[in-house]
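Colleague: 3D, please:
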Amino acid sequence: SGSRMQQPVMVLQNNTKREQGKKAQFSNIKAAKAVADVVRTTLGPNSMLKMLLDPMGGIVMTNDGNAILREIDVAHPAAKSMIELARAQDEEVGDGTTSVIVLAGQILQAAEIFIEKKVHPTVVVNAYFKAMEEILKITEELGVEIDVENEEDINKIVRSCIGTKFSHKWGALIVDLAIRATKTVVRQSGKDVEIDLKRYAKVEKIPGGLIEECTVLDGVMFNKDVTHGEMRRTIKNPRIVLLDCPLEYKKGESMTNIEMSNEEDFKKALESEEEEVKKMCEEILRVKPDIVITEKGVSDFCQHFLMKGNNVTMIRRIRKTDNNRLSRVCGATIAHRPEELTEADVGTMSGLFEVKKIGDDYFTFITESKNPEACSILLRGASKDVLNEIERNLQDAMQVTRSVIMNPKLVPGGGALEMELAHRLIEHSKKVEGLQQWPFKALATSLEVIPRTLAQNCGANVVRLMTELRAKHSKEDGLWYGVDGNKGCIVNMKELDIWDPVAVKLQTYKTAIESACMLLRIDDVVSGMKKTKKEAAAQQEEAQDEGHTFGDERDG
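Modeller: Have a look, this model is predicted:
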């Protein structure tokens with residue numbers, strides 16, 4: 001029976017692709033490298049921009065690693081996981097998205113040689129984790145404490161974050177915006193510091209005007225006009241009442257039928273409705289407001305009533321988020337029912353309410369408040385693309401400010417830290433036993449990719465520069481030397497004032513190394529689980545029959 005060919009057993013359907021063992025690892029490494037190459041040119045001050053067309057035909061122009069990768073549509077599973085890295089980095093610390101990807105790509109590439117030489121991936125992974133522990137320890141040690149209250153110190157850091165972005169021409173301006181916005185939003189309750197930028201520092205983009213006109217308001221603005229043309233448009237020291245209930249008569253909960261036998265009934269019904277609204281208005285007037293702002297609708301009758309006799313300005317249908325910001329700015333409490341309004345709920349902390357027309361729209365500004373805890377950042381600029389890019393840069397800058405306030409330690413930027421780590425790890429690798437020594441060393445050298453890329457992007461002589469840098473770092477006082485991304489020469493980062501927050505760096509290394517390890521551990525990629533057309537069609541019909549479950553099945 002040995003001569004007869006045995007029938008091959010088909011476990012997987014014959015249209016599935018399956019990559020096993022080394023092949024899978026190599027394909028993952030290639031994919032990761034490809035992703036890293038996309039963003040590699042966007043690292044550093046001389047970074048190139050990428051222009052992406054999204055499926056709707058809109059254009060995105062940016063050099064924010066995360067924004068680029070968000071737009072790219074990727075098929076390869078390993079590449080997808082690389083893109084998740086940038087997103088994680090962006091959400092966690094807001095800066096260093098490009099570095100994470102470049103680093104992870106490089107670390108994987110360093111592992112390629114070992115896998116070719118039949119070193120088991122687990123050995124490599126363990127060595128990498130050992131190296132990571134060392135890296136985190138050294139980074140913490142090298143961190144320089146700063147004083148958060150000192151404007152200059154914070155300025156330095158944020159400036160080096162902005163330095164690599166499109167808007168670094170207006171560096172000082174953006175830096176200033178970011179710091180002011182972040183400091184406004186900081187809330188300290190005992191030991192806890194809460195800095196919620198997403199909710200309380202709103203960026204409002206209005207095309208037109210000069211970039212120099214961007215400001216952080218000491219209050220908030222929103223895109224609304226007063227409800228009636230004759231209401232006051234400017235009020236000094238207003239008393240503000242915030243509501244989130246409609247100021248109109250209550251409609252019946254479900255379908256309500258009212259049977260009327262004679263015409264008097266109809267009048268009665270209307271009268272009682274008006275009576276209701278009037279009561280509401282009186283409840284509001286009890287606290288003598290100048291401005292009433294509600295998230296819901298306002299009936300004409302109510303508007304008339306508040307305006308005529310009492311000269312109250314109304315704004316309706318404002319977003320919930322805007323309302324929350326407003327309450328933090330003017331000190332009002334958002335009331336849910338007019339009956340419950342008390343003197344304490346009225347906001348009096350703002351100095352000025354005005355409605356201005358900018359471009360085609362009316363905007364309401366509530367400003368000049370004493371110590372606001374929320375703010376609006378007003379961005380002006382030539383075109384939508386410019387504005388979007390500035391907003392992205394500002395987001396990064398604010399996140400960096402936040403990281404620094406949370407963890408006030410700095411390390412030298414410009415690849416100086418990476419070179420120092422590489423040097424110290426290579427020293428340390430001599431103490432590592434056995435096979436693990438080699439991957440350990442390889443990770444150390446792959447850290448050099450950051451300074452190398454910086455040098456590449458500004459057209460320096462890469463090989464010479466790197467050799468010089470290595471030499472500098474092998475001496476005792478070499479710690480501060482890195483690449484000046486503008487001129488492409490070796491500079492002392494302390495003198496140039498280029499710093500990175502420790503929080504950002506730690507996160508970068510953790511994310512990059514951990515993900516590289518995860519991708520290395522994959523030894524089997526099965527893809528193409530497509531059913532044949534007939535089966536797919538049959539399944540779709542089934543799915544359509546169950547369409548009434550509102551996607552519960554889909555959401556698990």
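
Colleague: going forward, measure contacts between C-alpha atoms and count neighbours the same way
Modeller: Will do.

Colleague: How about the contacts made by Glu213?
Modeller: The contact partners of Glu213, taken as Cα atoms under 8 Å, 6 or more residues apart in numbering, are Leu379, Arg380.

Colleague: Show the pLDDT at it.
Modeller: The score at Glu213 is 81. That number is its pLDDT.

Colleague: now it: how far from Ile174?
Modeller: With the distance defined as Cα to Cα, to the nearest Å, Glu213 ends up 11 Å from Ile174.

Colleague: Spit out the residues that contact those two alike.
Modeller: Joint contacts of Glu213 and Ile174 (Cα under 8 Å, 6+ apart) do not exist.

Colleague: Quick check, pLDDT for the spatially closest residue to Cys517 that is not a sequence neighbour.
Modeller: For Cys517, ignoring the flanking residues on the chain, the nearest one in space by Cα to Cα, 6 or more residues apart in numbering is Val125 at 5.4 Å. Note on Val125: pLDDT of 90.

Colleague: show me the residues around Val125 that make contact.
Modeller: Counting by Cα under 8 Å, 6+ apart, Val125 makes contact with Cys517, Leu520, Arg521.

Colleague: in the helix or strand hosting it, what counts as buried?
Modeller: Here Val125, judged by DSSP states H and E, is contained in helix 121-142. Neighbour counts over helix 121-142 (16 or more other Cα atoms under 10 Å) mark 121, 124-125, 127-129, 131-132, 134-136, 138-140, 142 as buried.

Colleague: Residues in contact with whatever helix or strand comes next after it: which ones?
Modeller: Sequence order places strand 144-145 as the next helix or strand after helix 121-142, per DSSP H and E. Taking contacts as Cα under 8 Å, 6+ apart, the residues outside strand 144-145 that touch it are Pro408, Lys409, Leu410, Val411.

Colleague: Is Asn28 in contact with Cys517, as I believe?
Modeller: No. With contact defined as Cα atoms under 8 Å, Asn28 does not reach Cys517; the gap is 11.6 Å.

Colleague: Distance check, the residue nearest to Cys517 against Gly21.
Modeller: From Val125 to Gly21 the distance is 16 Å (Cα to Cα).

Colleague: just Val432 next, same as before
Modeller: 27 Å.

Colleague: Select the helix or strand of this structure having the lowest average pLDDT value.
Modeller: The weakest-scoring helix or strand in the chain, judged by mean pLDDT, DSSP states H and E, is helix 552-555 (a mean of 48).

Colleague: related to what we said a few turns ago, between Val432 and Gly21, point out the one with more neighbours.
Modeller: Val432 (16 against 13; other Cα atoms under 10 Å).

Colleague: where does that one fall, phi/psi-wise?
Modeller: Main-chain dihedrals, Val432, degrees, to the nearest 10: phi -80, psi 140.

Colleague: what does Gly219 give?
Modeller: phi 170, psi -150.

Colleague: so it makes contact with Ile377?
Modeller: No. Here Gly219 does not reach Ile377: they are 9.4 Å apart, not a contact under Cα under 8 Å.

Colleague: Who has more neighbours out of the two?
Modeller: Neighbour count, other Cα under 10 Å: between Gly219 and Ile377, Gly219 has more, with 29 against 24.

Colleague: what's near enough to touch that one?
Modeller: 326, 329-330, 350, 365-369, 372, 374-376.

Colleague: what do you get for Asp54?
Modeller: By Cα under 8 Å, 6+ apart, the contact set of Asp54 is Val60, Glu71.

Colleague: per-residue confidence for it?
Modeller: Note on Asp54: pLDDT of 77.

Colleague: Tell me how far it lies from Met466.
Modeller: Distance from Asp54 to Met466, by Cα to Cα: 38 Å.

Colleague: Check Ala416 too.
Modeller: Using Cα to Cα, we find Ala416 at a distance of 11 Å from Met466.

Colleague: Lys356 - how many residues pack around it?
Modeller: When neighbours are counted by other Cα under 10 Å, Lys356 registers 15.

Colleague: what sits against it?
Modeller: Applying Cα under 8 Å, 6+ apart, the residues near Lys356 are Tyr362, Phe363, Thr364, Phe365.

Colleague: Near Glu476, how many other residues are there?
Modeller: The number of residues packed near Glu476 is 7, by other Cα under 10 Å.

Colleague: got it, and Glu343?
Modeller: For Glu343, the count of nearby residues is 12 (other Cα under 10 Å).

Colleague: I'd say it and Pro289 touch.
Modeller: No. Counting by Cα under 8 Å, Glu343 stays clear of Pro289, with 9.9 Å between them.

Colleague: and for these two, which residues touch both?
Modeller: Contact with both Glu343 and Pro289 is made by no residue, according to Cα under 8 Å, 6+ apart.

Colleague: Enumerate every residue touching Gln395.
Modeller: Counted by Cα under 8 Å, 6+ apart, Gln395 has contacts Gly94, Ala178.

Colleague: Please report the distance of it from Ile377.
Modeller: Look at Gln395 and Ile377: by Cα to Cα, they are 11 Å apart.

Colleague: Equivalent analysis for Ala75, please.
Modeller: Applying Cα to Cα, the value for Ala75 to Ile377 is 38 Å.

Colleague: can you tell me the helix or strand for Ala88?
Modeller: helix 77-92.

Colleague: Would you map the strands across the stretch 251-400 of the chain?
Modeller: Under the criterion DSSP state E, counting those that start in this stretch, the stretch 251-400 of the chain contains strands at 291-294, 313-315, 334-335, 352-358, 361-367, 375-381.

Colleague: again with the stretch 51-200 of the chain
Modeller: For the stretch 51-200 of the chain, the strands defined by DSSP E, counting those that start in this stretch occupy 59-62, 144-145, 187-189, 192-194.

Colleague: swap in the stretch 451-556 of the chain?
Modeller: Remark: strands assigned in the stretch 451-556 of the chain by DSSP E, counting those that start in this stretch are 481-484, 489-492, 499-501, 524-527.

Colleague: Check those strands for me: which has the lowest mean pLDDT.
Modeller: Lowest mean pLDDT of the strands of the stretch 451-556 of the chain: strand 524-527, a mean of 77.

Colleague: Tell me which residues of that one come out buried.
Modeller: Val525.

Colleague: Next: stretch 316-323.
Modeller: Arg316, Arg317, Ile318, Asp322, Asn323.

Colleague: who's in contact with the closest residue to Glu373 other than its chain neighbours?
Modeller: The shortest distance from Glu373 to any non-neighbouring residue, by Cα to Cα, 6+ apart, is to Val185 (5.0 Å). Val185 sits next to Ile195, Asp196, Leu197, Tyr200, Ala201, Pro372, Glu373, Ala374, Cys375 when contact means Cα under 8 Å, 6+ apart.

Colleague: want to throw those residues into JSON lines with distance to Ala503 and neighbour count?
Modeller: JSON lines is the format used below for those (distance: Cα to Cα, whole Å; neighbours: other Cα atoms under 10 Å):
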{"residue": "Ile195", "distance to Ala503": "15", "neighbour count": "21"}
{"residue": "Asp196", "distance to Ala503": "17", "neighbour count": "15"}
{"residue": "Leu197", "distance to Ala503": "17", "neighbour count": "20"}
{"residue": "Tyr200", "distance to Ala503": "22", "neighbour count": "25"}
{"residue": "Ala201", "distance to Ala503": "21", "neighbour count": "24"}
{"residue": "Pro372", "distance to Ala503": "27", "neighbour count": "23"}
{"residue": "Glu373", "distance to Ala503": "24", "neighbour count": "24"}
{"residue": "Ala374", "distance to Ala503": "24", "neighbour count": "29"}
{"residue": "Cys375", "distance to Ala503": "25", "neighbour count": "29"}
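
Colleague: can you redo those as CSV with distance to Arg337 and pLDDT?
Modeller: Shown next, in CSV, are those (distance: Cα to Cα, whole Å; pLDDT from 0 to 100):
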residue, distance to Arg337, pLDDT
Ile195, 30, 76
Asp196, 28, 77
Leu197, 29, 75
Tyr200, 24, 80
Ala201, 28, 81
Pro372, 25, 79
Glu373, 25, 81
Ala374, 24, 83
Cys375, 26, 84
